[in-house]
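In: Sequence plus the predicted model coming up.
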Amino acid sequence: NAGVTQTPKFQVLKTGQSMTLQCAQDMNHEYMSWYRQDPGMGLRLIHYSVGAGITDQGEVPNGYNVSRSTTEDFPLRLLSAAPSQTSVYFCASSYSIQRGYNEQFFGPGTRLTVL
Amino acid sequence: TQLLEQSPQFLSIQEGENLTVYCNSSSVFSSLQWYRQEPGEGPVLLVTVVTGGEVKKLKRLTFQFGDARKDSSLHITAAQPGDTGLYLCAPSDRGSTLGRLYFGRGTQLTVWP
C-alpha cells in the first residue's frame, strides 16, 4: 500500500492564481480531511469528507473548495491564491468514524508559497 | 472552539534525560491521540487513549489520559536523538461534528547526542 499520497510536494503561485492540490489513498478509508500547518498554529482543519459525495467545512474553509467523487481521491482547490494561504498542507485519511474516535494517517504534505 | 494547551512549547535536552510533556484542556474528551511529526513529514500516530486514567506504554514512551479525560501527558525515559520531533496531542469529542480531532500547537523536542 502506498498509504496517503500528495502532489505536488512543492508549489509556488502568484497572487490570484488557482490550483488544485491532489490527495489519494489506497486504504479504502471513508474519512478524508485537509489541514494546513503554520508556524506556532498547529494543524487547522480546512475541509473534510465522511464518504464519496459528502463534504463539509472545518475551521478555516474560506478560499478553498473540495469535492469527493471517489473514495480514493480528495482534491483541494485554491480558487484565487493569496499570500495568507502560504502554508504546508496535509491530507489525512482514516477508517470509519463509527467507533467514535478518529485515528488519522497523514500524507507527506505540500509546501505552498504564494507570492 | 476547544481551548487546548500543550506545554512546554519547546524542549531541548541531552541524550539520556527523562522528560514529560503535557496536553491540557477545560473540555472533556471521549478519546485522545498523540502524534509525532518529523521535519518535512506528516504526523504519525503514536497512541490512542480512550478511558479516563488509562496508561499506555510504547517502549520508552508512557502515555496517560487524565481521570477526568481533560488532560494527558507523555513521558519519555532516557531520551534519544531519534525522539526529536514535534509532539502533537489531538483529543476527539464524540459529541462534536463526527468525532473530529482538535490538534494542539505541539511541543518541539530536540534531543542532543
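Out: Received it, and whenever you're ready, just let me know what you need. Numbering: from 1, shown residues only, chains lettered A, B, ... in the order given.

In: Are stretch B:74-90 and chain A in contact anywhere?
Out: Yes. Against chain A, stretch B:74-90 shows contacts by C-beta under 8 Å from any C-beta of the partner chain at residue B:88. Heads up, the C-betas are built off the backbone N, CA and C, glycines and all.

In: Report the buried residues of that stretch.
Out: Across stretch B:74-90, burial judged by 16 or more other C-beta atoms under 10 Å in any protein chain shown covers B:74, B:76, B:79, B:83-90.

In: dump the residue contacts of the nearest residue to residue A:25 once chain neighbours are set aside.
Out: Of all residues not flanking residue A:25 in the chain, residue A:93 sits nearest, at 4.3 Å (C-beta to C-beta, 6 or more residues apart in numbering or on different chains). Counting by C-beta atoms under 8 Å, 6 or more residues apart in numbering or on different chains, residue A:93 makes contact with A:4, A:25, A:27, A:29, A:31-33, A:74, A:104-105.

In: Bridged to residue B:22, which residues?
Out: Counting by DSSP bridges, residue B:22 forms beta bridges with residue B:7, residue B:73.

In: mind saving the C-alpha coords of stretch B:77-86 as CSV?
Out: This file holds the C-alpha atoms of stretch B:77-86, laid out as CSV (Å, rounded to 0.1, in the frame of the first residue of the first chain):
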residue,chain,number,x,y,z
THR,B,77,12.6,7.8,29.6
ALA,B,78,16.2,8.0,28.6
ALA,B,79,15.6,10.2,25.6
GLN,B,80,17.5,9.5,22.4
PRO,B,81,18.2,11.8,19.4
GLY,B,82,15.7,9.7,17.4
ASP,B,83,13.0,11.0,19.7
THR,B,84,13.5,14.5,18.2
GLY,B,85,10.3,15.9,16.6
LEU,B,86,7.1,17.8,17.1
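
In: what comes into contact with it?
Out: With C-beta under 8 Å, 6+ apart as the contact definition, stretch B:77-86 has outside contacts at B:13, B:15-19, B:36-39, B:43, B:60-62, B:76, B:106-113.

In: Same check on stretch B:50-66?
Out: With contacts defined as C-beta under 8 Å, 6+ apart, stretch B:50-66 is touched by A:101, B:30-32, B:34, B:46-47, B:49, B:67-69, B:72-80, B:83.

In: Narrow these to those in helices?
Out: Assigned to helices by DSSP state H, none of the contacts of stretch B:50-66 qualify.

In: any weak-confidence spans in chain B?
Out: By pLDDT under 70, the low-scoring segments of chain B are B:1-2, B:94-100.

In: And the residue of it closest to chain A?
Out: residue B:42 (3.1 Å; C-beta to the nearest C-beta).

In: now that residue: how far from residue B:17?
Out: Taking C-beta to C-beta, to the nearest Å as the measure, residue B:42 falls 27 Å from residue B:17.

In: what do you get for residue B:51?
Out: Distance, residue B:51 to residue B:17, by C-beta to C-beta: 30 Å.

In: same thing with residue A:31?
Out: The value you get for residue A:31 to residue B:17, if C-beta to C-beta is used, is 38 Å.

In: Have a look at those two and say which one is more surrounded.
Out: Of the pair residue A:31 and residue B:17, residue A:31 is the one with more neighbours under other C-beta atoms under 10 Å in any protein chain shown, namely 21 against 13.
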